[in-house]
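Asker: predicted coordinates and the sequence they were generated for:
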Amino acid sequence: MKKLNTPVESASPEMVFAKSTLGESLMLVLQEGSVSYKRIANFLLRNQVKVTALGIEDMAEQCDVSTATISRFARDMGFNNYAGLRNQIAEVVQAVFQPVEKLRNTIEAKKNAPSPAHTSMQFAAANIDAASQGMSEPDLNEVVSHIAKAKTVYVMGFGLSAHLAGMLALHLQPFCSHVVEVVGYGGTEVAAGHLANITDKDVLIVISFPRYALDVIKLTQFVRDHDACIVTITDSPASPIAQLGNYLLLAPSTHGVLPSSASAAIAVIEALVSSMMVSNKKNVEKAMRLTEAISAYLHSADNNVKYTQPDSNKPKK
């Protein structure tokens with residue numbers, strides 16, 4: 001099985017920035033910097049367009065640090081001051097289109113903002129659009145190939161991501177030799193037990209979105225040490241699990257109210273499963289057999305159960 005030293009590159013805006021010289025320097029700070037420096041690097045990696053319009057006081061407020069810390073950070077990054085750092089970020093993202101940031105700026109600029117429900121739908125649509133733009137078909141096909149060849153496919157997600165992991169595991173079940181939902185109804189102990197015997201013949205698909213669970217990071221690091229292929233589905237290159245995998249599938253999760261939106265994650269999962277289903281004739285045949293097997297249990301006009309309205313005049317026993 002092919003092993004990669006770094007995650008496969010994507011064309012998404014955040015990944016483009018993360019793979020730039022400045023982005024790579026910020027990623028290094030995110031891994032090795034002080035607490036305050038990590039906070040600044042994380043904000044810059046997630047909000048490149050927004051930063052270009054922030055003064056140093058606003059930036060300090062956003063990162064919950066002092067303006068002196070922002071200035072010192074800029075100098076340590078090789079710039080004369082914060083303005084120099086901000087200008088460099090502007091140059092890097094000048095040609096990068098970010099639909100979510102564009103939407104946020106549009107909403108903030110409107111005096112008569114749409115309803116929260118409508119705004120939520122807009123964020124969902126923008127997140128899915130960003131995920132679609134960043135998805136590489138050849139890279140996705142490589143992921144499908146690894147999953148198809150795996151002895152066991154482990155799917156892991158904690159918290160709200162556990163529901164996404166369950167969905168993915170259910171979809172993959174008919175097309176893989178063996179699928180294990182790592183967390184299931186248990187917690188960290190159950191998850192660790194499932195992963196205890198993972199090998200380089202297996203694949204782990206790990207799903208993590210804000211708010212990130214510490215357990216998923218530690219368990220992914222454990223799997224990385226055991227040479228299994230890791231596919232990460234997360235929201236940003238700045239995510240704590242983004243650099244732990246061999247393949248990275250990005251699903252932006254920006255939302256105006258919620259900690260994160262799952263709309264793009266579901267779209268990426270469905271795209272992965274769809275690619276898996278049509279990847280070869282055997283999978284197509286399996287899908288057809290599955291449909292035939294469960295057809296008798298599905299509602300249709302032929303097997304519709306008639307409901308008889310009770311007679312209200314008939315005395316009750």
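Answerer: Now that the structure is in, tell me what you want to look at.
Asker: now Val144: which helix or strand?
Answerer: Following DSSP states H and E, the helix or strand that holds Val144 is helix 137-149.
Asker: actually Val155, not the one I typed
Answerer: strand 153-156.
Asker: just the strands in the protein please.
Answerer: Along the chain, counting by DSSP state E, strands occupy 153-156, 179-181, 203-208, 229-234, 247-250.
Asker: tell me the mean pLDDT over the strand holding Val155?
Answerer: Strand 153-156 shows a mean pLDDT of 95.
Asker: what strands flank that strand, and is each parallel or antiparallel?
Answerer: strand 179-181 (parallel), strand 203-208 (parallel) (DSSP bridges).
Asker: dump those to CSV, plus mean neighbour count, distance to Leu45 and mean pLDDT.
Answerer: All C-beta spots, glycine's among them, are computed from the backbone N, C-alpha and C. Compiled in CSV, the strands paired with strand 153-156 are given as follows (neighbours: other CB atoms under 10 Å; distance: least, CB to CB, whole Å; pLDDT from 0 to 100):
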stretch, mean neighbour count, distance to Leu45, mean pLDDT
strand 179-181, 21, 31, 93
strand 203-208, 28, 16, 95
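Asker: between these, which one is closest to Pro259.
Answerer: Closest approach to Pro259 among these is made by strand 203-208 (12.4 Å; CB to CB).
Asker: give me the contact list for the closest one.
Answerer: Under the contact criterion CB atoms under 8 Å, 6 or more residues apart in numbering, strand 203-208 has outside partners 146-147, 150, 152-158, 161, 164-165, 168, 182, 195, 198, 216-217, 219-220, 223, 228-234, 239-241, 244-245, 265.
Asker: any idea how the chain splits into domains?
Answerer: Domains of the chain are assigned by automatic domain parsing as 13-93, 131-294.
Asker: which stretches of the stretch 201-317 of the chain have low pLDDT?
Answerer: Within the stretch 201-317 of the chain, the stretches with pLDDT under 70 are 281, 283-317.
Asker: for it, which segments count as helices?
Answerer: Here the stretch 201-317 of the chain has its helices, by DSSP state H, counting those that start in this stretch, at 214-225, 263-277, 281-294.
Asker: and the angle from the second one to helix 137-149?
Answerer: Using axes from the mean of the first three to the mean of the last three CA atoms, to 10 degrees, the interaxial angle of helix 263-277 with respect to helix 137-149 works out to 60 degrees.
Asker: for helix 263-277, packing partners?
Answerer: helix 116-134, helix 137-149, helix 161-172, strand 229-234, strand 247-250, helix 281-294 (3 or more CB pairs under 8 Å, 6 or more residues apart in numbering; DSSP states H and E).
Asker: alright, calling it a day.
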